[in-house]
Each structure stands twice: as structure tokens, then as C-alpha cells.
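*Asks:* make a model of this:
(one chain, ligands or ions: 1)
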Amino acid sequence: MARIFIVMGKSATGKDTIYKKLLESEELHLKKVVMYTTRPIRKAETEGVEYHFVDENRLKELQQQNKVIEHRSYNTIHGKWHYFTVNDGQIDLEQEHNNYLMIGTLETYQQIKEYYGKDRVVPIYLEVEDGIRLLRAFRREQKQVQPKYAELCRRYLADEEDFSDQNLSKLGIIRRYQNKDMNTCLYKITKDIKKLL
Ligand SMILES: Nc1ncnc2c1ncn2[C@@H]1O[C@H](COP(=O)(O)OP(=O)(O)OP(=O)(O)O)[C@@H](O)[C@H]1O
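*Replies:* Residues are numbered from 1 along each chain as shown. As a prediction, this is how the structure comes out:
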């Protein structure tokens, strides 16, 4: 059965790093899903690579056509930005050998489960001991031209609530992958995904 695997976890648990490694894996052969955003395109970005860049009118049209699979919005200093996934033909679960990989929040996971059915969607929940995670987040931020430490702290605290044990168990997320050592973590995830292919 074709499935969608969703990598989730608090900030700096290694979602992006693990996601890229899993996509590279030739034995898993997972497909990428390009999301949509109303955020303006940045200089180094290319339409259709990082995201599909659209305006709010296009989002409304897609919503009216019931094509929006999951949707999140954030109030930024530049106004409201939307991030969403669209049923635009990228995801075809009818073909048995099509399996997809996405990065998401708990909301993403819940909404995709509602859209495609719970058997089709598999959570890959990453966890890192708090002290190590904070250190990784800090070191990553330190390398930025203008480190945003206040934002790092805000997100660290917000994650505590968003990813509480209660929220995880409400969504039935039981399996947790410890990303202390990258290779061990990748090995365990790969083994579990292979069982479902
Ligand atoms: N197993 C690991 N061992 C050491 N460092 C790691 C490991 N996994 C990830 N990192 C590092 O930790 C930092 C955070 O990883 P990454 O950016 O992939 O996390 P993320 O969950 O996508 O974060 P965010 O949600 O904040 O964007 C990066 O600097 C990455 O290189």
C-alpha cells in the first residue's frame, strides 16, 4: 500500500537533516512533495523547488476546489503567511509503489490523516534530549550573520507545549526515534520504513 511518511519533532531535533538523508536513500526510493506558500520568494529560491510560490487568491481558489490537503498560517511582521499542501497530482496513492516523504507539524500529520485516511500516513517522530537539542540549536544559530537568540528561546518553550506527551498520545504517536547518533537513528527509521514498503 502506498503511504506518506511525515518527519516531525521539536526544533533542532534534526528533521531537515534526516529528511534529506531519507530522500537520498536508493533502497527507500521516497518521493518529495513540494508544498505551497504565499510567502514572497527569496533570492536564492526557485519556483517549484523549495515551494510553489502563489498568492492568497490562488489559495482561496484551491480551497474552493477542496484541493488543500493541509494548511497552516503564521502571523509575521510582514503579514499573514500561509503554508499548505495541495492535491495537485503530486501525490498518487493509487500506485502501490509510490511512497512519499514530508516534513510537518503535528497539525500537518492530523490533517493529512483526515484527508487520506489513517492507514496511509506514518509518523516519524524525532526526539533529542533537551540539553543536547538546545546546544545544537544554539550552535546552528551562532553561525548565522545575525543570530536570533530570542526567537530560539521562544521556539524552544513553545515546542514544550506543542509537542507535549498529551498531544502526542492524542494523535497516537507512540514510536519515537532518538536522534543522538545520526547513523543509528537513520538505520532504525530505514528499517521501519522498509517493513512497510
Ligand atoms: N545526530 C546528530 N548529531 C549531531 N548534530 C546533529 C544531528 N542531527 C542534526 N544535527 C545538527 O543539529 C542542527 C539541527 O538540525 P536540523 O536543522 O536538521 O533540525 P530541524 O529539526 O530541521 O530544526 P528546525 O525545526 O529548527 O528547522 C543542525 O545544525 C544539524 O546539523
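*Asks:* tell me how this structure divides into domains.
*Replies:* The chain is divided into the following domains under automatic domain parsing: 1-29+97-192, 34-90.
*Asks:* show me how far the shortest one is from its chain's centre.
*Replies:* The offset between the C-alpha centroid of domain 34-90 and the centroid of the whole chain comes to 14 Å, using CA atoms, centre = their mean, to the nearest Å.
*Asks:* before we move on, what about the first one?
*Replies:* Relative to the centre of its chain, domain 1-29+97-192 is centred 7 Å away, using CA atoms, centre = their mean.
*Asks:* does that domain reach the ligand?
*Replies:* Yes: using CB under 6 Å from any ligand atom, domain 1-29+97-192 comes into contact with the ligand via 9, 11-17, 136, 140, 179, 181-182. Bear in mind the C-beta positions are built from the backbone N, C-alpha and C, glycine included.
*Asks:* equivalent analysis for the shortest one, please.
*Replies:* No: taking CB under 6 Å from any ligand atom as the criterion, domain 34-90 and the ligand are apart, separated by no less than 13.2 Å.
*Asks:* what about that domain, average pLDDT?
*Replies:* Across domain 34-90, pLDDT averages out at 94.
*Asks:* the first one now?
*Replies:* When pLDDT is averaged along domain 1-29+97-192, the result is 95.
*Asks:* what comes up buried for the helix or strand hosting L23?
*Replies:* Element membership for L23 (DSSP states H and E) is helix 15-24. For helix 15-24, burial by neighbour count (16 or more other CB atoms under 10 Å) applies to K15, T17, I18, Y19, K21, L22.
*Asks:* and the angle for whatever helix or strand K191 lives in with helix 15-24?
*Replies:* In the assignment (DSSP H and E), K191 maps to helix 182-196. Compare the direction of helix 182-196 with that of helix 15-24 by axes from the mean of the first three to the mean of the last three CA atoms, to 10 degrees and you get 50 degrees.
*Asks:* list only buried entries from the residues of domain 1-29+97-192 next to the ligand.
*Replies:* For those, buried by 16+ other CB under 10 Å: G9, S11, A12, T13, G14, K15, T17, R136, N179.
*Asks:* wait, what's in contact with the nearest residue to the fifth one once chain neighbours are set aside?
*Replies:* This points to G14. Spatially, and ignoring its direct neighbours in sequence, G14 is nearest to N179 (4.4 Å; CB to CB, 6 or more residues apart in numbering). In this structure, N179 makes contact with G9, T13, G14, I18, L126, E127, V128, C185, judged by CB atoms under 8 Å, 6 or more residues apart in numbering.
*Asks:* thank you kindly, that will do.
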